[in-house]
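Participant: Got a predicted structure here, sequence first:
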Protein chains: 2
Amino acid sequence: MTASRALRGTGDVSPETLKKVRLAAQQIGYVGNPLAASLSGKRSGLIGVVVPSVSNIVFAEVLAGIADGLDGSGLQPVFGVTDYDETREAELIQSMLAWHPAALIVAGLDQPDATRNLLQRADIPIVQIMDTDGDPVDVCIGFSHRDAGREMAGALLARGARRMAYIGSSHALDTRARKRFAGFETRLNEAAQTFFDIQFVDGPSTATVGRGLTEQVLSDDPAIDAIYYSNDDLAIGGAYHCIAHGLSVGQDIHLAGFNGLEITKTLPVGLATTLTPRRQIGSKSVEMALAGLQKNAPLGPKRVTLQTQLLLPD
Amino acid sequence: MTASRALRGTGDVSPETLKKVRLAAQQIGYVGNPLAASLSGKRSGLIGVVVPSVSNIVFAEVLAGIADGLDGSGLQPVFGVTDYDETREAELIQSMLAWHPAALIVAGLDQPDATRNLLQRADIPIVQIMDTDGDPVDVCIGFSHRDAGREMAGALLARGARRMAYIGSSHALDTRARKRFAGFETRLNEAAQTFFDIQFVDGPSTATVGRGLTEQVLSDDPAIDAIYYSNDDLAIGGAYHCIAHGLSVGQDIHLAGFNGLEITKTLPVGLATTLTPRRQIGSKSVEMALAGLQKNAPLGPKRVTLQTQLLLPD
DNA sequence: TATGGTATCGATACCGGTATGGATACCAAA
DNA sequence: TTTGGTATCCATACCGGTATCGATACCATA
């Protein structure tokens, strides 16, 4: 018992015993067993992370941020991938909760009621990330996709675009893309504008798909002067199409993506996009989770909205 | 005890008791505690994953493959990011081992001796991934970076390239990039060719950096007719430079990257690259780990070499 | 000297499962 | 009827820590 206290640094151990214990631990190469510690103490050393995808660089960077934020906290991140499947998400959350994690980080605010209940009943900090358009179970951090969509619409209108098209991931899957779309559309309506073509993508958003759909949209209606894509991967495909066909982006047509991927920065044609603070969301979500763990700490805000940044070509 | 056996399906329970137990569990909403199970039983329900980065899409896709392969196995993946830091890698492996994971998946074959010993002493399956040029601690799965480099050199030579440059990530960090470089160089030597310019990248490989260095290389020596990049991110930057400056890729200059990222497929200029089976490495590594868990199973091969695929522009 | 407080330490009872070996009941064979 | 074997079940002892509370020693104060 004394050894346990000594190694953890929880008071009531004399300096000399402490030294002796540390030395002994050193000598026999003692390594604590966090499994036992988690089982015994109320607090577990695991933190659950549930995201819809990791082969998507956006969530991968969130994971990177989480790993970063967790550094030195003594917590180990356990991750699960839902593949945008609500059933799988519920199962995953359930099996994560079975491990009695210290906290849970989950992407999105729009879980079905059953899943929300699951989260609510778990008596640990729940941090929902990537989105702030909605009510968090506990706390959330991210940004408003609706506003991002609005903002981009405004920017395109300001550039003179009037005949818009949308190319985006299938909305059933990605509620955040849907919110951007809604925000964009709302802004168009305010300006008495409307979409002239809308193409939904089933399956993963790739540059290849983006390029193909861009070609299709422009051949359907060559008068289209702006395309809003649900993300940069698709938009890059659009840019490639324009390069290949000698279309002057920014002149003949405006392209707008979302996320502000590094690779769009140096693209030889001007692509509008919204830079999202992905890594920051990851690391801050950890901070919020850890803060929620402190019992008597002042409660932080329920909802943390980070800034996105509109990136427009010259 | 009977309930435990009933729920786990380990023999010696009568059909009726089994039914009763299941029903009761259902009714009270019993959820097992894998922490306790892991502590008690010899086998833990965690599997450790250690990668150098996740904000790199390549490793992110490996994680995706791992998550995939783990689906339904009842194991939870715990991940750690080393940031290409050997010290951090050792620490991470140590703290993962403290959790007594069922198995460990680690990127790379070239850990320092101390780390290798650590892995060796852990009496669990160790799966080293991404590389097969070297000796695994236990088993490994991946492909030969050396061969990939050789192959690309051969392909460029066959296309008539003679005056080569290399742009790549700082070798101290990425031993696999170094192996590709070595393979490439060996093949050049065989053809009595040599590099005319070599630029190393410190820090992350991005298209922006690739574009800048490409410009520099070509202004240093405009006669360069082929550039080998240590990965596609850099190579894409090179492609952007060529597009922006009206260089005819495949004519004036050959560009070669590595990984076969989706985004290179539809690039409006021809980029040579090597497609790597990242996702497959992830899912197969899990299979190998699980196979290693079965005590009396026939030992599989120590080293599994997957095929890469050379992708050349028309 | 008696009393009370503080610092330090250790015995005990869990945390929630699983391995083990014995207990019980039942049936067939001798 | 006795004996032995099989199927089923349960009591017990861990796994490796931590919370809790009591024990002890030591010191200052009344």
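Facilitator: The structure has been received and is ready for your questions. Since we're looking at a predicted model, the values are computed, not measured.
Participant: For the rest of this, base every contact and every neighbour count on C-alpha atoms.
Facilitator: Will do.
Participant: any idea how far the residue of the stretch 101-250 of chain A found nearest DNA strand D is from residue B:198?
Facilitator: Using C-alpha to the nearest atom of the strand, the closest approach of the stretch 101-250 of chain A to DNA strand D is made by residue A:102 at 13.3 Å. Computed as C-alpha to C-alpha, to the nearest Å, the residue A:102 to residue B:198 distance reads 48 Å.
Participant: okay, those two: which has more neighbours?
Facilitator: residue A:102 (24 against 16; other C-alpha atoms under 10 Å in any protein chain shown).
Participant: my guess is the more buried one meets residue A:293, correct?
Facilitator: Yes - the pair residue A:102 / residue A:293 is scored as a contact, 7.5 Å apart, by C-alpha atoms under 8 Å.
Participant: Just give the number of residues close to residue A:116.
Facilitator: Residue A:116 has 15 nearby residues by other C-alpha under 10 Å.
Participant: Could you report the pLDDT at the closest residue to it other than its chain neighbours?
Facilitator: Computed as C-alpha to C-alpha, 6 or more residues apart in numbering or on different chains, the closest residue to residue A:116 that is not its neighbour in sequence is residue A:137, at 6.7 Å. At residue A:137, the model reports a pLDDT of 96.
Participant: ditto for the one 5 residues further on
Facilitator: As summarised for this prediction, residue A:142 has a pLDDT of 98.
Participant: OK, contacts around it?
Facilitator: A:129-132, A:281, A:304-306 (C-alpha atoms under 8 Å, 6 or more residues apart in numbering or on different chains).
Participant: what are the bridge partners for the residue lying closest to residue A:125 once chain neighbours are set aside, then?
Facilitator: Counting by C-alpha to C-alpha, 6+ apart, residue A:103 is the residue found nearest to residue A:125 once chain neighbours are left out, at 4.9 Å. In this entry, residue A:103 is beta-bridged to residue A:47, by DSSP bridges.
Participant: check contacts around residue A:103.
Facilitator: Per C-alpha under 8 Å, 6+ apart, neighbours of residue A:103: A:46-48, A:124-127, A:289-290, A:293.
Participant: Roughly how far does it sit from residue A:12?
Facilitator: Distance from residue A:103 to residue A:12, by C-alpha to C-alpha: 29 Å.
Participant: What strand or helix carries residue A:182?
Facilitator: helix A:175-190 (DSSP states H and E).
Participant: just checking, what packs against that helix?
Facilitator: helix A:145-158 (3 or more C-alpha pairs under 8 Å, 6 or more residues apart in numbering or on different chains; DSSP states H and E).
Participant: go again using 10 Å as the cut-off
Facilitator: Helix A:175-190 is packed against helix A:145-158, strand A:164-169, strand A:195-201, strand A:226-229, with contacts defined by 3 or more C-alpha pairs under 10 Å, 6 or more residues apart in numbering or on different chains; DSSP states H and E.
Participant: Mind putting the ones you listed into JSON lines with mean pLDDT?
Facilitator: JSON lines is the format used below for these (pLDDT from 0 to 100):
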{"stretch": "helix A:145-158", "mean pLDDT": "98"}
{"stretch": "strand A:164-169", "mean pLDDT": "93"}
{"stretch": "strand A:195-201", "mean pLDDT": "92"}
{"stretch": "strand A:226-229", "mean pLDDT": "98"}
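Participant: Packed most tightly, which of these would that be?
Facilitator: strand A:226-229 (a mean of 28; mean count of other C-alpha atoms under 10 Å in any protein chain shown).
Participant: Check which strands are paired with it and give the direction for each one.
Facilitator: Sheet pairing for strand A:226-229, using DSSP bridges, gives strand A:164-169 (parallel), strand A:254-256 (parallel).
Participant: Poorly predicted segments of the stretch 201-314 of chain A, please.
Facilitator: Along the stretch 201-314 of chain A, segments meeting pLDDT under 70 span A:296-297.
Participant: how does it look with 90?
Facilitator: Applying pLDDT under 90 to the stretch 201-314 of chain A flags residues A:201-204, A:294-301, A:314.
Participant: any residues touching stretch A:11-18, and which ones?
Facilitator: A:2-3, A:5-7, A:9, A:19, A:21-24 (C-alpha atoms under 10 Å, 6 or more residues apart in numbering or on different chains).
Participant: Would you mind writing the CA trace of stretch A:290-300 as CSV?
Facilitator: In CSV, the C-alpha atoms belonging to stretch A:290-300 read as follows (Å, rounded to 0.1, in the frame of the first residue of the first chain):
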residue,chain,number,x,y,z
LEU,A,290,-9.6,16.0,-18.9
ALA,A,291,-11.3,19.1,-17.4
GLY,A,292,-14.5,17.2,-17.1
LEU,A,293,-12.7,14.6,-15.1
GLN,A,294,-11.7,17.0,-12.3
LYS,A,295,-14.6,16.8,-9.9
ASN,A,296,-14.6,20.2,-8.3
ALA,A,297,-13.3,22.1,-11.2
PRO,A,298,-15.4,25.0,-12.5
LEU,A,299,-17.5,23.7,-15.4
GLY,A,300,-16.2,25.0,-18.6
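Participant: How about that stretch, which residues are buried there?
Facilitator: A:290-292 (16 or more other C-alpha atoms under 10 Å in any protein chain shown).
Participant: do that stretch and DNA strand D meet at all?
Facilitator: No - applying C-alpha under 7 Å from any atom of the strand, one finds stretch A:290-300 separated from DNA strand D by no less than 13.1 Å.
Participant: What lies in contact with that stretch?
Facilitator: A:43, A:47, A:69-70, A:73, A:75, A:102-103, A:124-127, A:138-139, A:284-288.
Participant: Stretch A:114-123 too?
Facilitator: So stretch A:114-123 is contacted by A:86-87, A:89-91, A:93-94, A:97-98, A:100-104, A:106, A:109-111, A:113, A:125-126, A:136-138 (C-alpha under 10 Å, 6+ apart).
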